[in-house]
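Participant: any chance you could fold what I've pasted below:
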Amino acid sequence: MARVTFQLIHGIPGKGSDEQSLLYREVGLRELTSADLIDAQLDAEKVVVQNGKAVAYTSDVLYGLNLLCRQVEYIGEIQGPLPLPLLKKLHVDDFGLLQSKAQELDMALAEALAERGRSNSAG
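Facilitator: Prediction:
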């Protein structure tokens with residue numbers, strides 16, 4: 001499974017085992033699994049009443065955020081998946097960096113898959 005690590009700019013405050021204040025900066029992102037995709041979809045689904053009928057609606061924004069939370073393997077001693085309320089506490093710079101690194105990982109995996117397809121078709 002593909003992984004990438006990097007440092008947050010501002011970090012997340014936390015407490016160590018001795019209750020000393022810490023600042024978590026190291027992030028580990030991992031490749032998404034089928035279970036992640038399914039669970040994120042289910043968590044993003046809401047039932048709304050429209051014209052007197054219950055309709056299931058999936059928020060694309062919430063789906064994307066749920067995927068990002070699941071892609072976080074850890075931030076410091078905080079083990080993933082990252083709870084959405086904690087994701088909301090990130091500094092905007094760190095949130096942007098997290099999104100960027102997740103996209104880089106996804107693109108690298110897509111390129112590797114495409115390359116594998118090209119090498120298989122050449123033979």
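Participant: give me the helices and strands touching the longest helix seen in the chain, please.
Facilitator: Using DSSP state H, we find that the single longest helix of the chain is helix 92-122. Using 3 or more Cβ pairs under 8 Å, 6 or more residues apart in numbering; DSSP states H and E, the elements in contact with helix 92-122 are strand 3-15, strand 21-30, helix 60-71. C-beta: built from backbone N, CA, C; applies to glycine.
Participant: let's see it at 10 Å
Facilitator: strand 3-15, strand 21-30, helix 60-71, strand 72-75, helix 84-88 (3 or more Cβ pairs under 10 Å, 6 or more residues apart in numbering; DSSP states H and E).
Participant: got TSV for the ones you listed, with mean neighbour count, distance to Lys101 and mean pLDDT too?
Facilitator: Shown next, in TSV, are those (neighbours: other Cβ atoms under 10 Å; distance: least, Cβ to Cβ, whole Å; pLDDT from 0 to 100):
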stretch	mean neighbour count	distance to Lys101	mean pLDDT
strand 3-15	14	5	94
strand 21-30	16	6	96
helix 60-71	17	9	97
strand 72-75	20	10	98
helix 84-88	12	14	96
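Participant: wait, which of these is closest to Asp106?
Facilitator: helix 60-71 (8.5 Å; Cβ to Cβ).
Participant: got a list of contacts for that closest one?
Facilitator: 4, 28-33, 35-37, 39-46, 59, 80-88, 95, 98-99, 101-103, 105-106 (Cβ atoms under 10 Å, 6 or more residues apart in numbering).
Participant: can you do 7 Å?
Facilitator: Contact with helix 60-71 is made by 29-30, 32, 36, 39-41, 43-44, 81-84, 87, 98-99, 102, as judged by Cβ atoms under 7 Å, 6 or more residues apart in numbering.
Participant: ChimeraX command for the buried members of those?
Facilitator: Remark: buried members of the contacts of helix 60-71, expressed as a ChimeraX selection using 16 or more other Cβ atoms under 10 Å:
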select :29,30,32,36,40,43,44,81,82,87,98,102
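Participant: do I have it right that Arg3 meets Leu32?
Facilitator: No - using Cβ atoms under 7 Å as the test, Arg3 is too far from Leu32 to be in contact (11.7 Å).
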